[in-house]
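S.K.: the sequence and its predicted three-dimensional model are supplied below.
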Amino acid sequence: MGMRLALAMALAPVVAAGAQEADSLWLREVVVEGARVVSKAGGVAIYPAQWQKEASASLYAVLARAGLNGIRVDEVGNTITPLDNRGGVELRINGVKASAYDLLQVAPTDLLRIEYTDSPGVRHGREVGRVVNFIVRVPVAGYGAGARLSNAVTAAVGRNSVYARASRGTSQVSVDYGMGYTRFDGARTEETARYLMPGNTLRTIVRSDADGLMTALSHSVGLAYSMRRDSVLAFQARLRTDIERTPHNDSRRVVADGNEASGASMLSAERRATPVADVFLDASLGSKTRLTVSAAVSMADSRRDYSYDEGSPYAYHLHGRSYRLDAEAVAESRPGPFVVTAGMVCSQHYDAIDYGGDVDAADRSRVSDIYGSAQLKGSLWRVDYVAGIGLSTYYFRRNASAHRFTLLRPKLTVQCPLPFRLKLSYDIELSEYMSRMAATGSAVVRVNSMEAEAGNSGLRPYRRVEQWLRLSYDGVRLSASLQGSLRVNHDCNMERYSRHADAAGNAVFVKTQVNDGHCSMLSVSGYCRADIIERRLSVAANGGVYRFINIGADYRHFYTAFNGGVSLAAHFGKLTLTAAADNGWRFMEGERRGQQGGSVGMTASCRLGRFTLAAYWQNPFRNTIMSERTELVNRFVGKSTTRRNGNLGNLLGISVSWTMGNEQNER
């Protein structure tokens, strides 16, 4: 025991100084008896205690107990959601990009540590705001199988998966299948819209859902082969197909226009199939250099049928096809007391969308995204640093419109140790972003009797400058951090409403997106995790004050909000009780002020041999949940929209996890 503890203490500074990618390649195992959170340049390394892993049914459950700032972990639905809309969350296992089904195949007891960063290095391209990398033991012999069944008993919602794998020598073959379903009949939307008509008169329309139905079904099948030769070579090839169907996303609503009221029906059906093939290779080129290469090819076929009869009948359908190639190559070397990383990411994307019915449009587009980066990481005079630079070129062509966007992306992170186990770090980064809600098509789609949406093929990525200053403390039973950040988006993608007249002379308000003005966020936030009773009771909390500044061509909007959450975990032998709550995410972007609904959940889990039984209770004592509220403060259109869901209130469910096998893990 003394030798293992000494090894852990000796490697702790390396973990604090190493990069996420470097850690996953060079540091194979650290033995830590108690739960620990260690601050590192750009993020934290989390070492769950053994009892925490034994009491968890999945890696999602372990991550949920960490209570990390800025993300919401749903261990029942197997999702990780960024709360601040700052890019997506990229999941990795031992440095390899992973899906939800990949995570469910890993036993929590095989987890060594979790590397979490909210400041990804220059290696990562756009739309990646956070990276969660699970470092796990790898089975090298034997077989394993398992199943996870998670289903609600008060609502028709669930997600179930099974997997099996066999390892022999250096090879492993695995197969998995997952199925999810949802049926909500208690979702309602209420909207009050005020339109500035010609002549400066206001017209108010209230739209309220009387009933609705949303049903969805998904299937996922995966097959993988991997080969590993100690730390010299790792190879993996995977095939996966996802099929998603939403036969119903319907509502019947009452439309009150002044003193007149009428009924309207909205019907929508969608289906999508996405086969994906990818390969991954990690090879050692000598004692100090590694090369990682990956590539993925995907196709997607999607269809949608939509109709809405407010004012007059309106219906359209679309058929979309998409083909995509993503490739990445990263070389990492340790020529001295530092790590040098250089890489290239290339993405080629082609899609075709054809409309029919009341929408007459056909779009053909090509996106070429090439990004190269270099990074230097090390320690100088006890100061850890990460210095990198990237160069991206983004080419977009849709029909006859084309443009190119090139940006130099520097990034610097420094971390300095202070007395009393304190650390002070500073980050600054210039990056590029494209709104995930960007509409670049040529179609003009009617939303209701007064509004329409139009795409903008000239929409382009924008520059984002972010700075963080973080003070952290890493103790034996207490970890805490306080940080301030400033994010400035220049010439960003913003909504814009304009008033037009249709062929009959009626006013129509058209929403589009343009590159306009800037959107900034200033925040002060904190995070704390403490073991109140060692091996029995732990608590984690995060929260912050956020100031949003939006300046457009014809408006200036400001908004201040508090966002935060807390989680609690108690362990009693084979029984673990957890509770978590947050107030959602309040924000303002452009002229839209929004609030995601808060979440409250409690889980009781018990591990019985190869089985883990869990019961969960989400949003207790609340019959109806406010899932989203938005307010539009445009000079032409003022709108308040609230979405509620009666199926998510007092949601009770049961989860059963089962594993079997005789696998031997790597040491």
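M.R.: Arrived safely, thanks for sending.

S.K.: for residue 552, grab the count of nearby residues.
M.R.: Neighbour count of residue 552, defined by other C-beta atoms under 10 Å: 19. All C-beta spots, glycine's among them, are computed from the backbone N, C-alpha and C.

S.K.: who's in contact with the spatially closest residue to residue 102 that is not a sequence neighbour?
M.R.: Counting by C-beta to C-beta, 6 or more residues apart in numbering, the nearest residue to residue 102 once its immediate chain neighbours are dropped is residue 93, at 6.0 Å. When contacts are counted by C-beta atoms under 8 Å, 6 or more residues apart in numbering, residue 93 touches 102-103, 106, 133-134, 136.

S.K.: name whatever forms a beta bridge with residue 93.
M.R.: In this structure, residue 93 has beta-bridge partners residue 96, residue 134, where bridges are defined by DSSP bridges.

S.K.: how much space is there between it and residue 293?
M.R.: 17 Å (C-beta to C-beta, to the nearest Å).

S.K.: now do the end-to-end distance for stretch 612-624.
M.R.: Across its full length, stretch 612-624 reaches 30 Å end to end, with C-alpha to C-alpha, to the nearest Å as the criterion.

S.K.: in that stretch, what's buried?
M.R.: 612-614, 616-619, 624 (16 or more other C-beta atoms under 10 Å).

S.K.: next one: stretch 647-662
M.R.: Judged by neighbour count (16+ other C-beta under 10 Å), stretch 647-662 contains these buried residues: 647-651, 653, 655, 657-659, 661.

S.K.: same question for stretch 632-645.
M.R.: 632-634, 636-645.

S.K.: now, which of the buried residues of stretch 647-662 lie within strands?
M.R.: In this view, the buried residues of stretch 647-662 that belong to strands under DSSP state E are 651, 653, 655, 657-659, 661.

S.K.: residue 88 contacts residue 81, doesn't it?
M.R.: No. Taking C-beta atoms under 8 Å as the contact criterion, residue 88 and residue 81 are not neighbours in contact, 9.4 Å apart.

S.K.: just give me the neighbour total for residue 161.
M.R.: Each residue near residue 161 was counted by other C-beta under 10 Å, and the total is 23.

S.K.: distance from stretch 314-328 to the middle of the chain?
M.R.: The chain centre lies 21 Å from the centre of stretch 314-328; the measure is C-alpha atoms, centre = their mean, to the nearest Å.

S.K.: give the residue farthest from the middle of the chain.
M.R.: The centre of the chain is farthest from one residue, residue 199, which by C-alpha atoms, centre = their mean lies 45.2 Å away.

S.K.: and it, that's in a helix?
M.R.: No. When classified by DSSP: H, G, I helix; E, B strand; the rest coil, residue 199 is found to be coil rather than part of a helix.

S.K.: shaky segments in the stretch 301-450 of the chain?
M.R.: Applying pLDDT under 70 to the stretch 301-450 of the chain picks out residues 436-437.

S.K.: now the strands: where do they sit in it?
M.R.: For the stretch 301-450 of the chain, the strands defined by DSSP state E, counting those that start in this stretch cover 315-333, 338-357, 362-380, 383-398, 401-418, 422-433, 444-446.

S.K.: relative to residue 464, which of these is closest?
M.R.: strand 422-433 (5.1 Å; C-beta to C-beta).

S.K.: the closest one - contacts with which helices or strands?
M.R.: strand 401-418, strand 462-474 (3 or more C-beta pairs under 8 Å, 6 or more residues apart in numbering; DSSP states H and E).

S.K.: partner strands of the first one, parallel or antiparallel?
M.R.: So that's strand 401-418. Each strand paired with strand 401-418, and its direction, by DSSP bridges: strand 383-398 (antiparallel), strand 422-433 (antiparallel).

S.K.: mind listing the strands in the stretch 451-600 of the chain by residue range?
M.R.: In chain order, the stretch 451-600 of the chain shows strands spanning 451-454, 462-474, 478-490, 493-501, 507-515, 518-533, 537-551, 556-572, 575-582, 585-589, 592-596, 599-608, with DSSP E, counting those that start in this stretch as the criterion.

S.K.: may I have the phi/psi pair for residue 334?
M.R.: Comment: the main-chain dihedrals of residue 334 come out as phi -120, psi 80, following degrees, to the nearest 10.

S.K.: and it, how many neighbours does it have?
M.R.: Here the count is done by other C-beta under 10 Å, and residue 334 has 17 residues near it.

S.K.: gap between it and residue 390?
M.R.: According to C-beta to C-beta, residue 334 and residue 390 sit 21 Å apart.

S.K.: same question for residue 273.
M.R.: Plainly put, residue 273 is 34 Å away from residue 390 if you go by C-beta to C-beta.

S.K.: out of the two, which sits in the busier spot?
M.R.: Set side by side, residue 273 and residue 390 show unequal neighbour counts under other C-beta under 10 Å, the larger going to residue 390 at 25 against 15.

S.K.: in the sheet, who's paired with that one?
M.R.: Using DSSP bridges, the bridge partners assigned to residue 390 are residue 373, residue 409.

S.K.: got a list of what it touches?
M.R.: So, once contact is read as C-beta under 8 Å, 6+ apart, residue 390 ends up touching 122, 371-374, 408-411.
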